Every structure is written in structure tokens, then in C-alpha cells.
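**Student:** Sequence isn't available, so here's the structure alone:
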DNA sequence: GCGACTTTGTGCATCCGTTCACAAGTTGGA
DNA sequence: TCCAACTTGTGAACGGATGCACAAAGTCGC
């Protein structure tokens, strides 16, 4: 995966850059059967310890499960679900075990239950108001895809600097000026900001979002954002994706071209398709 | 990181699902100083062993380096470059060591040299013809951003099923029908296919791309594609990104809400901003 | 009610990637 | 020429994620 953790703007590089740091070791991760806290017991304690990689996969399982549910499937085994999700069953079961024990040995999982539990863990039971900043090609695309993938992510605010866009509704929502980020975000309780601006503007936008109280940012701009410790940033970088693919093209050419593909090679990768997934995504055009 | 390796359509789950499998252990990774192969010695052997995570980061370094170069910077230390790229210097040096030893102890790296070498490793020295399939919102955005990020990725073909779009130029390139994928891709030597279709159509499109000889796919559709072993797929899934963010929102709420943020917590994450990057991306609107 | 069969949940070994820490190489100044 | 300061490159330790394999738990048929 390609998950990097950056550092705050305070500067000096620290070990905190570690990929998949942050999650404390599993020590405090035991399901404490203490008094009810309103939610199921242990859920809160457990949620914290889920590895980021597992969280991302849970989202994938969720999608598959919803699909199954729509097709009337009631029960699914780890084997079936894992195949459909493109992971192996052991990993899937381990991922699900972070969520809790909702399967029945000898039978499998109830699709509906699993959906509910994963949604709860992922925090999808409540809506997350989304703001899109930078209404260019991509921003437009996102805004038009009103109410993001899998619902639960209503786009409630759009921002840009272009005067011609001010007040113009895109996907039903009028565009506001960047300067209004603090006010509008507060009013509409935006919890996630999606940055689709050019690289040059991204940091400034991030700063405004942060000062507006937004604590989660999805960054499409090709810059490493500097944000305070308590702000979560995820980055999607098309250039990087393309270049990684390019690398594989090159590697392949190198292997095959000059010294002819080694005869043993095929045997080694039998059945091991090269899918370097990164995440999920929607925008169904 | 969220790199998954899937399996071929052959079905039955296998250990090959392993993340970051495929790359053989470093055993054969030594820089063999044998006879020149046309490229620098050892390059070919080395390229194969670079971890995917490092490849992705190399792309980030490259972007930062190009920026520096444009500003007239000639030399950079691992410390500077790492800070600018949001990783720690040890990791950066290790990443660069996969590329080769192009630094000077006591001094640093020559920006120009590093750019050149990274470009070579990433296979950016040659152009990679790109086809975009599914000219909806996102496809449109990508197509319009003619000649992808960082150049080297010219979009040369567009496909859709909508009759109204046939022949209509988008970003200067006329849209062809899905049925023409094999012919057009062959003619224009497309090496990378970008799938922006709805989920339902994605697999069929992938199949056509594969049969057209395309061996690298960037998939924006929310499906797990089934492809042969020798096809590389990278997936960008907006839904997953959003849901991972949602998870963090929830986690944070759980931490702070009920049992008040633990006093020690801050001390632990000082300086460790939570940036779970995933990849790079451009589309500067 | 019992035994054969299925599937979950997880301890454990393994592997890969990150980080540490230091030897080796380079520069500049005394 | 020698020494101090600096920076790269990398072996080795560490830690987290993956995959295996099996005990536990449940179902089904007889």
C-alpha cells in the first residue's frame, strides 16, 4: 500500500513518519467486557486498533456485501466473500475479527449483520458532510456525482476562486468563494474536505479547511500537505499511479526483451495476477 | 499501504494473493558487474527488486526534485529532500539506494542526476500511450487534462458506448466505440488503459483491453477486476478513501467524546501528523 | 443423539518494509 | 597534512501484516 504518514508542519523529520504508525500496539486492544457504554461492549476499544490496511479492505468487503445483499444473498462464507473481494480467506477472517465475532462456525456470516457491523465500524451510520474545493474538471466530476459513493457522504459545499463560478450551482450546490470556507464549513458542519485545486493552491486551501475545523482531508493535488497532528489526510495522486504502472511496463520490457523471459518465471506466478490495488472508488460516470 | 495483489481469474484462492509477493527476495538482487547490457550495469537486476511502496515514493521524490530543479536548485541532501517529500531521511536513502548510488557523501545528491535516474527506473524515458474508457464525468476530466500529469503519458484514445459521443472530440481526441478497443489500441500502441466506466461495465472493458494487448490498467471502477497473471492493475477507489476517512472521524469522535481525550495522547503524536497518503494524483482542474 | 462435515476464529511462524545506527567517503578549514 | 563536520549507503534489528494450520463450534443426516 502506499500509505505514508507525514509529519506536522513543525518540521524536523521524526520517526512518526512511519507508515502505519499511529495505531497503538494491540496491547490495549482486548475486548473489555465492562459495563455497557451504549454501544456494544468493546467496540470502541477495538476500533482503535484496526490496521489501516484492514480498514481499507473492510470498505471493499462492504461494497461486495451490499451487492450480494441486493441480489438476495443472506449468508456468505469467508471463502466466497474473500474470492469476490480479491483477498485470501484467512486475511478476510482476520479483518472481520477486528470488527467482532459475527460469524457462525460451520455456516458463515449473515450478510445483513456484517453490513451493519462494518458500517458501524467505519462510522457510516452517520452522514459525513463533504466540501469540494476547486471546481475544475475533477471537482466538477465529483460535485456532479451528488452524494458520493455508497451514500453517507453528501456534498454540501463547493468552493473556488473563479468569480464566474460564484453562486453557480454545480450538481445542485452553489459555488462559494474560498474566503467563505470557514463560515460555510462551520454552518454546514463539513467534516471532510476534498481538495481538487491545482498544486499551488492546495496548501492554502488545506490551511483554511483546518482553521474551519475540518479534520479530514482527501487531497487530489500533487503536493505533500502540511497539517497539524490531529488532521487526517489521504492523498490520491494520479501521477504516481501512472508512474507506478509505467515502472511495471518498463520492468516487464526489461525482463522479456533482452534476456528472454526466464522459463521458470511463469511457473512462479501461476495464478498470481498482478493487481496492486490501492483503494476503492466510484464515480460511475 | 493498501497494495493488494489479486489472483487471476483461474479462481481458487492461493497464497499468491500475498501483498507484495511477486518480487523475488533480494538474493538475486546484487549488482552484477558483468558485461554491459546496454544500460548501466545492474540496473535491470536491481529494478526488479524495488518494493512497490518505494516505487510510489520515488514518483513523489521525482515531482519534488523537478520542482527544485525548476527553482534552480542543483544539489540536495537526503534530509532536505525527505522533508519536502514527507518521509524520513533513512527511508528516502534506502529508496534511492534501490535506484543506485548517485549521491556524494558529505555533499548530497545532484538534482539533475537524480531526476534522470528516477525517470529511467520508472520507465519515464519513453512515452506511454494511454486510453481512457468511459467518457463520463471522470473520464471527461481525465481526457481533458490532455497528456497526463508530468507528461510522458499522452492520452491517445477514448472509448465509450454512448452513440452520441462517437466521433466527438474530447480534449482533442475523438471518442471511439468500445468495440473498437482491440483495433484502435493496437494501432496507437496503447500501453495503459484507464477504466472510468460504471462498475457493471468494468470487467468487460478490462477483458477487451487485455485481449487488445494492454498489460497495465488503472481502474477507477469499484470492482475487483479479474485479469490474467501478466496484467498489472492498479485501483483507485474513491469510496474506499472516503470510508477510511469516515473511520477516522468515528475513531476520533469515540476517543474524544465519551472518555475525553487521554492527556497523554497528544504527547505521543507530537509532530506526527496523520497523513495516510495513498498515492499521487494530478488533474489540476 | 451421534458422527461426519463445514466454517469460523486465532496463535504462531514468516516475510516484508521501516528504522536505527554506524562505517565509509567527502569537504573545508586549520 | 590532518582533523572536524557532514552526508551517504547499508547491515541489522524491529515491528507489523500476511498466511498457515488447527482447535472450537456449529450443522446436517441418519
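**Tutor:** Noted; the coordinates are in hand. These numbers come from a predicted model, not from an experiment.
**Student:** Please report the distance of residue A:144 from residue B:109.
**Tutor:** Counting by CB to CB, to the nearest Å, the gap from residue A:144 to residue B:109 is 44 Å. Quick note: C-beta positions are derived from backbone N, CA and C, even for glycine.
**Student:** So for those two, which residue has more residues nearby?
**Tutor:** Taking neighbours as other CB atoms under 10 Å in any protein chain shown, residue A:144 and residue B:109 compare with residue B:109 leading, 24 against 15.
**Student:** Leaving out chain neighbours, which residue sits closest to that one?
**Tutor:** residue B:103 (4.5 Å; CB to CB, 6 or more residues apart in numbering or on different chains).
**Student:** tell me the contacts of the one you found?
**Tutor:** Shown in contact with residue B:103 (CB atoms under 8 Å, 6 or more residues apart in numbering or on different chains): B:78, B:93, B:96, B:109.
**Student:** between these, which is nearest DNA strand C?
**Tutor:** residue B:93 (6.6 Å; CB to the nearest atom of the strand).
**Student:** List the buried residues of the host helix or strand of residue A:61.
**Tutor:** Using DSSP states H and E, the element containing residue A:61 is helix A:52-70. Using 16 or more other CB atoms under 10 Å in any protein chain shown as the test for burial, helix A:52-70 gives A:52-65, A:68.
**Student:** residue boundaries of the helices in the stretch 1-150 of chain A?
**Tutor:** For the stretch 1-150 of chain A, the helices defined by DSSP state H, counting those that start in this stretch occupy A:43-48, A:52-70, A:78-85, A:89-99, A:111-121, A:137-144.
**Student:** Average the pLDDT values over the first one and round to the nearest integer.
**Tutor:** Per-residue pLDDT over helix A:43-48 has a mean of 48.
**Student:** go on, the last one?
**Tutor:** Per-region confidence: helix A:137-144 scores 89 on mean pLDDT.
**Student:** How far off centre is it?
**Tutor:** Averaging C-alpha positions (CA atoms, centre = their mean, to the nearest Å) puts helix A:137-144 18 Å from its chain's average.
**Student:** With the fifth one instead?
**Tutor:** Between the centre of helix A:111-121 and the centre of its chain there are 17 Å (CA atoms, centre = their mean).
**Student:** relative to helix A:89-99, how tilted is that helix?
**Tutor:** 60 degrees (axes from the mean of the first three to the mean of the last three CA atoms, to 10 degrees).
**Student:** rewinding a little: near DNA strand D, which of the buried residues of helix A:52-70 show up?
**Tutor:** The overlap between the buried residues of helix A:52-70 and the neighbours of DNA strand D (CB under 7 Å from any atom of the strand) comes to A:52, A:53, A:54.
**Student:** Tell me how far the residue lying closest to the last one once chain neighbours are set aside lies from residue B:181.
**Tutor:** To tie it back to what came earlier, the one meant is residue A:54. Closest residue to residue A:54 apart from its sequence neighbours, by CB to CB, 6+ apart: residue A:95 at 4.5 Å. To residue B:181, residue A:95 is 35 Å away according to CB to CB.
**Student:** and what of residue A:249?
**Tutor:** Counting by CB to CB - residue A:249 and residue B:181 are separated by 18 Å.
**Student:** Report the buried residues of the host helix or strand of residue A:208.
**Tutor:** Taking DSSP H and E as the definition, residue A:208 sits inside helix A:199-211. Neighbour-count burial for helix A:199-211, counted by 16+ other CB under 10 Å, picks out A:199, A:201, A:202, A:203, A:205, A:206, A:207, A:208, A:209, A:210.
**Student:** hmm, it touching chain B?
**Tutor:** Yes: residues of helix A:199-211 contacting chain B under CB under 8 Å from any CB of the partner chain: residue A:199.
**Student:** That helix - what's its average pLDDT?
**Tutor:** 97.
**Student:** and stretch A:172-185, how far from the chain's centre?
**Tutor:** 24 Å.
**Student:** For the nearest residue to residue A:209 once chain neighbours are set aside, grab the count of nearby residues.
**Tutor:** In this structure, residue A:209 finds its nearest non-sequential neighbour in residue A:193, 4.2 Å apart by CB to CB, 6+ apart. The burial count assigned to residue A:193 is 29, neighbours taken as other CB under 10 Å.
**Student:** Same check on residue A:244?
**Tutor:** Residue A:244: 27 neighbours (other CB under 10 Å).
**Student:** Repeat that for the one 4 residues further on.
**Tutor:** Burial of residue A:248 is recorded as 23 neighbouring residues (other CB under 10 Å).
**Student:** so where's chain A shaky on pLDDT?
**Tutor:** Along chain A, the model assigns pLDDT under 70 to residues A:1-48, A:146-150, A:255-285.
**Student:** Next one: residue A:153 from residue A:142, what distance?
**Tutor:** On the measure of CB to CB, residue A:153 and residue A:142 end up 10 Å apart.
**Student:** what residues does the stretch 101-250 of chain A put near DNA strand C?
**Tutor:** A:101, A:102, A:103, A:104, A:105, A:106, A:107, A:108, A:109.
**Student:** Out of the residues you listed, which end up buried?
**Tutor:** A:103, A:108, A:109.
**Student:** just curious, which of those is nearest to residue B:122?
**Tutor:** Nearest to residue B:122 out of those is residue A:109 (CB to CB; 41.6 Å).
**Student:** who are the neighbours in contact with the closest one?
**Tutor:** Contacts of residue A:109 by CB under 8 Å, 6+ apart are A:75, A:76, A:77, A:78, A:81, A:96, A:102, A:103.
**Student:** what does residue A:111 give?
**Tutor:** Counted by CB under 8 Å, 6+ apart, residue A:111 has contacts A:65, A:68, A:69, A:73, A:74, A:75, A:76.
**Student:** My guess is the fifth one contacts residue A:107. True?
**Tutor:** No: no contact is recorded between residue A:74 and residue A:107 when judged using CB atoms under 8 Å, the distance being 10.6 Å.
**Student:** Neighbours of the nearest residue to residue A:174 once chain neighbours are set aside, how many?
**Tutor:** Of all residues not flanking residue A:174 in the chain, residue A:167 sits nearest, at 5.1 Å (CB to CB, 6+ apart). Applying other CB under 10 Å, we find 10 residues neighbouring residue A:167.
**Student:** Does residue A:167 touch residue A:175 like I think?
**Tutor:** Yes: shown here, residue A:167 and residue A:175 form a contact pair, counting by CB under 8 Å, at 6.6 Å.
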